[in-house]
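output the structure for:
(one chain, ligands or ions: 1)
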Amino acid sequence: MPASALSRRERFALTVRGEETDRPPVWIMRQAGRYMPEYMALRERYSFRDLCLNPEVSVAASLLPRDLLDVDILIIFNDILIPLEEMGLTVEFPGGGPEIVDPPRDEAALGRFRAKKFHDPPVAASLRLLRERTGDEFPVLGFAGSPFTLLGYAVEGKMSRHAHEIRGLMLERPELVHEMLRRLTDTVVSYLVAQVEAGGAAGVQIFESLGHILPAWEYEQFATVYTRQVIARFREACPDTPVAVYSRGAAACLEAMDSTGADVLSVDWQLPLAEARRRTARTLQGNLDPMVMLSPEAVEPAFERMLDGFDWRRGWIANLGHGITPQAKVEAARRLVDCVKRLAGG
Ligand code: CP3
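Next up, the predicted model:
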């Protein structure tokens, strides 16, 4: 079979296993979002919560990157903070970033911080519908926040630059923090398994988006230990489904990410891919600087620089090094997809 006859699902599966393909698969972190006028049109008609919880609306958002960018991988539209509501917290999405009402910061709050077991959550219904609509052509990803990243957002309450609340709690009440992380670990495992068993996700991604705020020792004790458990327990239930872990600050924690057992390590834009390859044999994902999406003309040279000294022929999923921003240009995202597809000819 000529390599160009690979379906998107086959290319994804081969790449995850580190085998050679015609070209890498490409998708964009936070690919359905406010940089797209079509997404803004959906947001005028529906609340963010509807976009996450109503399968029809969620699937409409999930399909925008297929229709507008021709990416190879779809991710179900949702948000990492939604499962916190199922644990007992109140999450609001007022527009300027999500907010947790009355953030859990003491033992008394454990009553609204209960481990949740999922069987068929709304995200699974959305995944089923998305697979129905795409005729199984696309690998569709489910996702969750890592226990530590979810705890960070929960305890801070709203986006904060220095995360003083969670850092302080870790220093003063480590046992409380570990109890919350254990509950989150149970919740995240069950949420990911449901997305595969009930939703049919072809892979899952865990977002360790707050990893970069911790020194190595705390990263191991409070983040990696739990992400490693999530992956081990997920594997017991879903041994054939690949897992990707994204971490900010990958340059400092790539070996820790590797030790989680994830199949794919998704790295931020500050770690050169060639260096990442010297430090891990696992499939890599990333890592163009999201700011390059501000300028379509900048995409091709930045793409070339990203691949300097890096063998893209195996074990690489092309992506950004973090989420695309509302200021990004759709044309720049298209050019990134084009750059990846042109690799097949060369
Ligand atoms: O196509 C996709 O990939 C979109 C699905 C998606 C969203 N959030 C939608 C969203 C995914 C995969 C996420 C993950 C997510 N959510 C992360 C991990 C990735 C990362 O960026 O590090 C985190 C930390 C969150 C929490 C969150 N949700 C924040 C910090 C914000 C506000 C920041 C922002 O981008 O506005 C959200 C809201 C959110 N989640 C929006 C979208 C499209 C914007 C809300 C809106 O439309 O009003």
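
now do the contacts for whichever residue of the stretch 201-346 of the chain sits closest to the ligand.
Nearest to the ligand in the stretch 201-346 of the chain, going by Cβ to the nearest ligand atom, is S209, at a distance of 3.1 Å. Heads up, the C-betas are built off the backbone N, CA and C, glycines and all. The neighbourhood of S209, defined by Cβ atoms under 8 Å, 6 or more residues apart in numbering, consists of I80, G145, S146, T149, Y246, S247, R248.

got those as JSON lines, with neighbour count and pLDDT columns?
Listed next are the contacts of S209 as JSON lines, based on neighbours: other Cβ atoms under 10 Å; pLDDT from 0 to 100:
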{"residue": "I80", "neighbour count": "19", "pLDDT": "98"}
{"residue": "G145", "neighbour count": "25", "pLDDT": "98"}
{"residue": "S146", "neighbour count": "28", "pLDDT": "98"}
{"residue": "T149", "neighbour count": "26", "pLDDT": "97"}
{"residue": "Y246", "neighbour count": "29", "pLDDT": "98"}
{"residue": "S247", "neighbour count": "31", "pLDDT": "97"}
{"residue": "R248", "neighbour count": "21", "pLDDT": "94"}
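
give me the subset of those residues touching the ligand.
Near the ligand, judged by Cβ under 6 Å from any ligand atom, the entries from the contacts of S209 are I80.

tell me which of the contacts of S209 fall in strands.
Within the contacts of S209, residues falling in strands by DSSP state E are G145, Y246, S247.

need the per-residue pLDDT for the residue of the stretch 201-346 of the chain closest to the ligand.
If you check S209, the pLDDT there is 92.

returning to that earlier point: among the contacts of S209, which one lies nearest to P37?
I80 (24.9 Å; Cβ to Cβ).

so what's the closest one up against?
With Cβ under 8 Å, 6+ apart, I80 has these contacts: F143, A144, G145, T149, L150, Y153, F207, S209.

same thing but at 7 Å, please
A144, G145, L150, F207 (Cβ atoms under 7 Å, 6 or more residues apart in numbering).

now do P83
So, once contact is read as Cβ under 7 Å, 6+ apart, P83 ends up touching K116, A144, T187, Y191.

check the residues you listed and tell me the two furthest apart.
K116 and A144 (11.9 Å).

more crowded one of those two?
A144 (26 against 18; other Cβ atoms under 10 Å).

surely that one and S190 touch.
No: if you go by Cβ atoms under 7 Å, A144 and S190 don't touch, sitting 9.8 Å apart.

look up how far Y153 lies from the residue of the stretch 201-346 of the chain closest to the ligand.
9 Å (Cβ to Cβ, to the nearest Å).
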